[in-house]
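Visitor: whatever this is, show me its structure:
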Amino acid sequence: MKNVTRRAFTAGAGAAVAAALTARKGFPFASAGQKLEIQLANEIGTVRPELHGQFAEHLGSCVYGGLWVGRNSPIPNINGYRKDAVEYLKALSIPVLRWPGGCFADDYHWRDGIGPAGKRPRSVNSHWGNYVEDNSFGTHEFVGLCRMIGAEPYLAGNVGSGSPRELRDWVEYCNYAGDSSLANERAANGSKEPFGVKYWGVGNENWGCGGQMSGEEYAEHYRRFATYLRTWNEPRPFLIACGPNRNDAAWTRGFFEGLRRRGPINGFAMHFYSNGTTQATRFTAAQMEQQLSSFAQMERAILEQRQLMNTWDPQGAIGLLVDEWGVWDRMDPAEEKRYGRLFQQITMRDAVAAAMGLNVFQRQADKVIMANIAQMVNVLHSLLLTDGDKCVRTTTYYTYELMKPHRGKKAVKVETGDAWPLGLSVSASKGTQELVVTFANPKPDSGVSVNCALAGGSAAGATARVIHHPDLNACNGFSQPDAVTPKGIEVSAQGSSLRLELPPLSVVTTVVRLA
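Guide: Numbering: from 1, shown residues only. Next up is the predicted model:
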């Protein structure tokens, strides 16, 4: 296929999208044709691995029972960490893990989680059900988990109920290599070498559970706290300020105007959840479409928040993060009672949602530096579900597995000719000798026959894998852990053409060998 002009391409794509559905030979579903153009020379930015980041909060059974079962547990474990969870997460090469919250962070006092486990205080988790924690999972255990799975640790500090001194001391405890009382205490607790924690969140959701502040009020707190978060040793602390809930422009303006001068700030973290109107396994197609349309809103929020930030930061020195994101359905009371607060089954719909979110971040790779899905285990849009000694990889897990080849490559522009929020979602990235393209088809009743023009490059073959199930509520449960798993799918990639058939409600990643 010859390269086409943008005007001709857009016109052709529009006609293809509007084409009537037709049944295609060999496929048990109706399919509509769609033309796309991948512009290999039009680079956006590097797909930082941190765009595939994760989040674990002391909420429900995410940490206790999910990641940490204790050293004396009959559940197979590695020094207290659930063995299956460690192995699955390590295989995924988790780039960064944020902890301990979430709302929990602004009522967490780090000294409660260090020292001999038997002597740690028992504290009430006031944000999530008032259950009593024994604090057996603290700073050393968290950093230990990160090292086991290969993740960069990201600590969210307590601004809401803490003090600048408390957060300042946590940084020294973790990172100082010299002869100070805090460094010696860390060594006595089992780690002579500093932890080298790079990412530090200065509060969490301070517009809500982190203090019910305005942007201006939080700016005053941020200035105070950040002043004392010094460089003890390498790495230099990367300080992350609390950004808005979704696309709250007033919060962003208030914060940056209240900050007055930039000072020590490296990142600004927004949160964006995609709420559902029913329980996870009871969605209708219409309810799913309503939820999935929110990813277009998230992409618009990223563009508008970055533009606002540029008013005070024209050089783009402050990175934009999406610190918490993902689908948030209505809870099943019986499941919450059995598995913990905000337990949510993960379905085929969630696999598509995860891919649509990751596609957004990759398309905006020049504007977003980190994105952490909420949450890693058992809570909301999770990678893993656990029950007793069972540990299940969800459809979300497999979406991340499929999209792993994008990491470290250069995101490139894709023209779809379709701005509909529920249209085909696509992102592409290129390396030296390969092109990776991920398609997410959110349509539950229509496949897509994709005809992709490779502008500025030539293909010499490709492989592709798909996650698909005809039932949007299909899931990997404890009795059927492999109901939805990736499979190979046919793809044609020769010259300047890439062609494949996407099933309804599917995620496909194809790796193209470049000639």
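
Visitor: just the strands in the stretch 101-250 of the chain please.
Guide: For the stretch 101-250 of the chain, the strands defined by DSSP state E, counting those that start in this stretch cover 123-124, 132-133, 152-157, 199-202, 238-245.

Visitor: dump these to JSON lines, plus mean pLDDT and mean neighbour count.
Guide: Every C-beta, even on glycine, is put in place using the N, C-alpha and C of the backbone. Below are these laid out as JSON lines (pLDDT from 0 to 100; neighbours: other CB atoms under 10 Å):
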{"stretch": "strand 123-124", "mean pLDDT": "93", "mean neighbour count": "14"}
{"stretch": "strand 132-133", "mean pLDDT": "92", "mean neighbour count": "15"}
{"stretch": "strand 152-157", "mean pLDDT": "98", "mean neighbour count": "25"}
{"stretch": "strand 199-202", "mean pLDDT": "98", "mean neighbour count": "25"}
{"stretch": "strand 238-245", "mean pLDDT": "98", "mean neighbour count": "24"}
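
Visitor: turn the ones you listed into CSV, columns for distance to A91.
Guide: Output for the strands of the stretch 101-250 of the chain, formatted as CSV (distance: least, CB to CB, whole Å):
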stretch, distance to A91
strand 123-124, 34
strand 132-133, 29
strand 152-157, 17
strand 199-202, 23
strand 238-245, 27
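
Visitor: could you chop this structure up by domain?
Guide: For the chain, automatic domain parsing gives the domain ranges 6-46+412-514, 49-62+97-376.

Visitor: identify whichever of these lies nearest to N72.
Guide: Between N72 and the domains of the chain, the tightest spacing by CB to CB is seen for domain 49-62+97-376, at 10.5 Å.

Visitor: where's L435, which helix or strand?
Guide: According to DSSP states H and E, L435 maps onto strand 434-441.

Visitor: and that strand, what does it pack onto?
Guide: strand 30-46, helix 348-363, strand 425-430, strand 447-455, strand 497-502, strand 506-514 (3 or more CB pairs under 8 Å, 6 or more residues apart in numbering; DSSP states H and E).

Visitor: neighbouring strands for that strand, and are they parallel or not?
Guide: strand 425-430 (antiparallel), strand 506-514 (antiparallel) (DSSP bridges).

Visitor: just the CA trace of the longest one, in CSV.
Guide: The reference is to strand 506-514. Coordinates of each C-alpha in strand 506-514 appear next as CSV, following Å, rounded to 0.1, in the frame of the first residue of the first chain:
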residue,chain,number,x,y,z
SER,A,506,-10.6,-7.3,22.6
VAL,A,507,-7.0,-6.2,23.2
VAL,A,508,-4.4,-7.0,20.6
THR,A,509,-0.7,-6.2,20.7
THR,A,510,1.3,-6.9,17.5
VAL,A,511,5.1,-6.7,17.3
VAL,A,512,6.2,-5.8,13.8
ARG,A,513,9.7,-6.5,12.5
LEU,A,514,10.9,-3.5,10.6
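
Visitor: how about I489, nearest residue that isn't a chain neighbour?
Guide: Leaving aside its chain neighbours, I489 sits nearest to V466 (4.2 Å; criterion: CB to CB, 6 or more residues apart in numbering).

Visitor: isn't there a strand covering the one you found?
Guide: Yes. V466: assigned to a strand according to DSSP: H, G, I helix; E, B strand; the rest coil.

Visitor: and the gap between it and V507?
Guide: 7 Å (CB to CB, to the nearest Å).

Visitor: among the domains of the chain, which is nearest K90?
Guide: It is, among the domains of the chain and with distance given as CB to CB, domain 49-62+97-376, at 4.7 Å.

Visitor: how far away from the center of its chain is that closest one?
Guide: 11 Å (CA atoms, centre = their mean, to the nearest Å).

Visitor: partners of the residue nearest to A453 when sequence neighbours are not counted in the sheet?
Guide: Leaving aside its sequence neighbours, A453 sits nearest to E37 (CB to CB, 6+ apart; 4.6 Å). Beta-bridge pairing for E37 (DSSP bridges): E415, A453.

Visitor: and what of L239?
Guide: W200.

Visitor: so what's it up against?
Guide: W200, V202, A226, L229, P264, I265, N266, G267 (CB atoms under 8 Å, 6 or more residues apart in numbering).

Visitor: got a winner among those residues for most neighbours?
Guide: V202 (28 neighbours; other CB atoms under 10 Å).

Visitor: and that residue, how far is that from V143?
Guide: 19 Å.

Visitor: cool, P503 as well?
Guide: 42 Å.

Visitor: please, where are all the helices along the stretch 201-350 of the chain?
Guide: 215-227, 249-259, 285-292, 294-312, 333-339, 348-363 (DSSP state H, counting those that start in this stretch).

Visitor: which helices and strands sit right next to the fourth one?
Guide: By that I understand helix 294-312. helix 249-259, strand 267-279, strand 319-330, helix 348-363.

Visitor: ok, 10 Å please
Guide: Counting by 3 or more CB pairs under 10 Å, 6 or more residues apart in numbering; DSSP states H and E, the packing neighbours recorded for helix 294-312 are strand 238-245, helix 249-259, strand 267-279, strand 319-330, helix 348-363, strand 368-374, strand 425-430.

Visitor: quick one: buried residues of that helix?
Guide: Of the residues in helix 294-312, S294, F295, A296, M298, E299, A301, I302, Q305, R306, L308, M309, W312 count as buried by neighbour count, 16 or more other CB atoms under 10 Å.

Visitor: and the angle from it to strand 238-245?
Guide: 120 degrees (axes from the mean of the first three to the mean of the last three CA atoms, to 10 degrees).

Visitor: cool, the first one as well?
Guide: Comparing the axes of helix 215-227 and strand 238-245 via the same axes, to 10 degrees yields an angle of 170 degrees.

Visitor: which neighbouring elements make contact with helix 215-227?
Guide: Taking 3+ CB pairs under 10 Å, 6+ apart as the contact cut, helix 215-227 packs with helix 164-175, strand 199-202, strand 238-245, helix 249-259.

Visitor: same thing but 6 Å
Guide: For helix 215-227, the packing partners by 3 or more CB pairs under 6 Å, 6 or more residues apart in numbering; DSSP states H and E come out as helix 164-175, strand 199-202, helix 249-259.

Visitor: nearest to Y154, out of those?
Guide: Of all the helices and strands packed on helix 215-227, strand 199-202 comes closest under CB to CB, at 3.7 Å.

Visitor: tell me what the closest one is packed against?
Guide: Using 3+ CB pairs under 6 Å, 6+ apart: strand 199-202 touches strand 152-157, helix 215-227, strand 238-245.

Visitor: keeping just the C-alphas, turn the last one into PDB.
Guide: Backbone C-alpha positions of strand 238-245 (Å, rounded to 0.1, in the frame of the first residue of the first chain) are rendered in PDB as follows:
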ATOM      1  CA  PHE A 238      12.000  13.400  43.500                       C
ATOM      2  CA  LEU A 239       9.300  15.400  45.200                       C
ATOM      3  CA  ILE A 240       5.700  14.900  44.000                       C
ATOM      4  CA  ALA A 241       2.900  17.300  44.900                       C
ATOM      5  CA  CYS A 242      -0.700  16.400  45.200                       C
ATOM      6  CA  GLY A 243      -2.500  17.400  42.000                       C
ATOM      7  CA  PRO A 244      -6.300  17.600  41.200                       C
ATOM      8  CA  ASN A 245      -9.100  15.200  41.400                       C
END
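
Visitor: tilt between that strand and strand 267-279?
Guide: Using the same axes, to 10 degrees, the direction of strand 238-245 lies 40 degrees away from that of strand 267-279.

Visitor: likewise for the second one?
Guide: With the same axes, to 10 degrees as the basis, helix 215-227 and strand 267-279 are set at 130 degrees to each other.

Visitor: list of residues touching helix 215-227?
Guide: 159, 164, 167, 202, 206, 239, 241, 251, 254-255, 258-259, 264 (CB atoms under 6 Å, 6 or more residues apart in numbering).

Visitor: and with 7 Å instead?
Guide: With contact meaning CB atoms under 7 Å, 6 or more residues apart in numbering, helix 215-227 is reached by 159, 164, 167, 202, 206, 239, 241-242, 250-255, 257-259, 263-265.
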